[in-house]
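Student: Predicted model follows, preceded by the sequence.
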Amino acid sequence: MTRFHLQPDLPLCQTDLPLDWYQEEFRPYAEEYLALPDRTPETVFRWLDGYVEPARRHFGDALLLLAHFYMGGEIVKLVERYGGAVADSYQLALQARDNPDKRVIVESAVHFMAEAIAILAGDDQEVWITNPKAGCTMELLAKDHMVLPVYDQLAERYGDELCVVAYMNTSGRLKALAGKTGGAVCTSSNAHLVLEWAMQRHERVLFVPDRHLGENTAHRLGLDPEKRLVLPEPRGTLRIEDVDGGLAALDRADLYLWGSFCGVHTIFTPEMVRFWQERGWRVLIHPESPLEAVLAADGQGSTTYLWQQVEEAPAGSRIAMGTEGHFVRNAQLLGARRGVEVRHLADVPFFAQAGCGCATMSRNDPPHLAGMLDLLRRGTPPDTNRVLAGDMIDEISLSRDRLDTDEREELTADARCSMERMIDVVEGAVAQSPM
Ligand code: SF4
């Protein structure tokens with residue numbers, strides 16, 4: 001599954017975080033890291049080996065290190081060096097379920113991804129996140145206390161006609177809501193399959209949290225745009241009668257899109273797409289980007305799709321890629337080894353900000369990985385870094401609202417049901433596809 005390959009001569013260019021960004025338990029590791037003379041692999045690996053190798057010996061085959069494709073700096077390469085796996089959010093979510101012998105799972109990515117692993121984990125599997133401050137900004141605008149009051153109003157009006165489809169970028173609490181309402185979870189690689197499945201079973205769907213993925217998926221399925229209603233950007237309490245067009249517009253619609261978005265992906269425009277196309281480049285884009293940019297592009301898809309396109313492009317190809325900046329940089333390195341040129345879609349003269357990376361995910365850095373593994377080996381890991389289904393983390397204060405055992409079991413059953421529906425839909429589609 002892992003597709004990155006460590007090159008010994010690549011510099012490690014993780015941005016250093018200030019010391020006061022670290023939890024107290026992690027500061028000694030950060031102080032040592034910041035005092036290293038440079039960030040070359042030779043220096044960083046020698047330092048990391050001192051913590052990672054004893055932990056690997058201690059836990060043996062029970063340890064599993066994971067990172068997402070978007071991880072900043074070269075954490076993906078570090079994870080791979082130590083026998084871990086780098087994947088997209090769908091593949092990550094399956095890791096505990098598919099590897100029951102792995103009892104200690106350490107994830108370097110955002111919190112909802114670790115929680116998705118925990119939802120499908122067995123009772124004897126522990127999931128840890130190296131930095132609990134790593135939240136997804138799209139998910140931050142769709143906390144359960146924001147979504148539930150709106151869902152309740154819609155459910156009161158439409159009853160069982162309505163189900164929830166929750167993108168993977170949601171808390172376990174919203175995944176459980178999807179399960180309870182007869183809906184399912186989806187990822188960017190399978191949103192079209194899951195939304196189609198949901199709309200065959202329910203007259204109305206509330207899609208959370210990404211309006212752009214919702215619009216792109218509806219377009220891909222050929223759904224009537226007149227029956228699509230984008231809810232306002234979440235600010236305060238929404239009364240459903242206050243949406244544009246009022247209750248009549250709500251009644252006409254069959255797809256309600258929550259108004260959150262990813263700051264990394266909303267920057268892409270059709271002008272950027274045309275800039276590259278006019279110069280002979282092929283443009284590929286992630287579906288968390290606005291519909292107009294996706295429609296102008298030559299191809300759209302999940303990170304796995306984008307990576308495959310670089311792997312399969314003939315030498316001499318030129319690809320402009322609209323997605324997260326660290327991922328594009330890794331794709332550039334992959335392409336360079338194959339004679340394929342890759343540029344970031346936003347790297348155009350008329351856009352001041354260069355294509356940015358996922359800043360929150362990048363909060364998982366080498367000192368967090370070293371510290372997490374060393375603290376686990378010593379038996380003194382901070383509970384804040386332990387991820388259980390249903391946890392609600394405040395990424396600023398680091399307070400963790402944890403359900404009691406009965407509540408957690410109920411939530412896990414509902415959230416697992418929504419994820420298993422997704423897996424069934426995807427596996428069903430694979431089984432039916434021509435070989
Ligand atoms: S890139 Fe955007 S959607 Fe993905 S984890 Fe980061 S903030 Fe969330």
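Tutor: Structure received.

Student: okay, CA-based contacts and neighbour counts for the rest of this
Tutor: OK.

Student: can you count the residues close to the residue nearest to Ala253 when sequence neighbours are not counted?
Tutor: Once flanking residues are discounted, Ala253 sits nearest to Lys227: 3.9 Å by C-alpha to C-alpha, 6 or more residues apart in numbering. By the criterion of other C-alpha atoms under 10 Å, Lys227 has 15 neighbours.

Student: in terms of contact, does Lys227 touch Arg252 like I think?
Tutor: Yes. If you go by C-alpha atoms under 8 Å, Lys227 and Arg252 touch, sitting 6.1 Å apart.

Student: May I ask you to confirm that Ala262 is in contact with Asp210?
Tutor: Just so we're on the same page, residue 262 is Cys rather than Ala. Yes. Contact criterion C-alpha under 8 Å: Cys262 and Asp210 qualify, at 7.5 Å.

Student: Have a look at the two and say which one is more surrounded.
Tutor: Between Cys262 and Asp210, counting by other C-alpha under 10 Å, Asp210 is the more crowded of the two (25 against 20).

Student: and the stretch 251-400 of the chain, which residues reach the ligand?
Tutor: Contact residues (C-alpha under 6 Å from any ligand atom) of the stretch 251-400 of the chain with the ligand: 262, 264, 324, 358.

Student: re earlier: next, show the common contact partners of Cys262 and Asp210.
Tutor: Residues touching both Cys262 and Asp210 by C-alpha atoms under 8 Å, 6 or more residues apart in numbering: 138, 288.

Student: Stretch 59-78 and the ligand, are they touching?
Tutor: No. Judged by C-alpha under 6 Å from any ligand atom, stretch 59-78 and the ligand are separated, with a smallest distance of 7.0 Å.

Student: Name the residues of that stretch that are buried.
Tutor: 59, 63-78 (16 or more other C-alpha atoms under 10 Å).

Student: Now do that stretch: distance from first to last residue.
Tutor: End-to-end distance for stretch 59-78, by C-alpha to C-alpha, to the nearest Å: 18 Å.

Student: average pLDDT for that stretch?
Tutor: Stretch 59-78 shows a mean pLDDT of 81.

Student: Any idea how far that stretch is from the middle of the chain?
Tutor: 15 Å (C-alpha atoms, centre = their mean, to the nearest Å).

Student: what's the answer for stretch 255-265, then?
Tutor: Centre to centre, stretch against its chain (C-alpha atoms, centre = their mean), the figure for stretch 255-265 is 14 Å.

Student: Need the residues that contact that stretch.
Tutor: With C-alpha under 8 Å, 6+ apart as the test, stretch 255-265 has contacts from 137-139, 141-142, 204-212, 214-215, 227-234, 286, 288-290, 322-324, 355-358.

Student: ok, now with 6 Å
Tutor: 138, 141, 204-211, 228-233, 288-289 (C-alpha atoms under 6 Å, 6 or more residues apart in numbering).

Student: For the residue of the stretch 101-250 of the chain found nearest the ligand, which non-adjacent residue is spatially closest?
Tutor: The stretch 101-250 of the chain approaches the ligand most closely through Cys136 (3.8 Å), counting by C-alpha to the nearest ligand atom. Distance criterion C-alpha to C-alpha, 6+ apart; nearest residue to Cys136, sequence neighbours excluded, is Val110 at 6.1 Å.

Student: As TSV, the residues of the stretch 251-400 of the chain next to the ligand with distance to Val185 and secondary structure would be great.
Tutor: Shown next, in TSV, are these (distance: C-alpha to C-alpha, whole Å; DSSP: H, G, I helix; E, B strand; the rest coil):
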residue	distance to Val185	secondary structure
Cys262	18	coil
Val264	22	coil
Glu324	22	coil
Cys358	22	coil
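
Student: The ligand contacts on the stretch 101-250 of the chain?
Tutor: Residues of the stretch 101-250 of the chain lying near the ligand (C-alpha under 6 Å from any ligand atom): 136-138.

Student: Most neighbours out of these, which is it?
Tutor: Cys136 (22 neighbours).

Student: if I look at that one, how far off is Lys77?
Tutor: Taking C-alpha to C-alpha, one finds Cys136 at 22 Å from Lys77.

Student: now swap in Cys262 and tell me
Tutor: Cys262 is 25 Å from Lys77, by C-alpha to C-alpha.

Student: and what of Leu369?
Tutor: In terms of C-alpha to C-alpha, Leu369 sits 12 Å off from Lys77.

Student: related to what we said a few turns ago, filter the buried residues of stretch 59-78 down to just the ones in helices.
Tutor: Among these, DSSP state H puts 59, 75-78 in helices.

Student: Give the burial count for Trp197, as a bare number.
Tutor: 16.

Student: you'd agree Pro270 is up against Leu291?
Tutor: No. Applying C-alpha atoms under 6 Å, one finds Pro270 not in contact with Leu291, separated by 9.2 Å.

Student: out of the two, which sits in the busier spot?
Tutor: Using other C-alpha under 10 Å, the more surrounded residue of Pro270 and Leu291 is Leu291, with 22 against 15.

Student: mind listing what the more buried one touches?
Tutor: Leu291 is in contact with Asn216, counting by C-alpha under 6 Å, 6+ apart.

Student: Same question for Lys133.
Tutor: Glu395.

Student: By proximity to the ligand, which residue of the stretch 301-435 of the chain wins?
Tutor: When scored by C-alpha to the nearest ligand atom, the stretch 301-435 of the chain has Cys358 as its residue closest to the ligand, at 4.4 Å.

Student: How about the backbone phi and psi for that residue?
Tutor: phi -80, psi 100 (degrees, to the nearest 10).

Student: That one: neighbour count?
Tutor: The number of residues packed near Cys358 is 24, by other C-alpha under 10 Å.

Student: same thing with the one 10 residues further on?
Tutor: Other residues within reach of His368, judged by other C-alpha under 10 Å, total 22.
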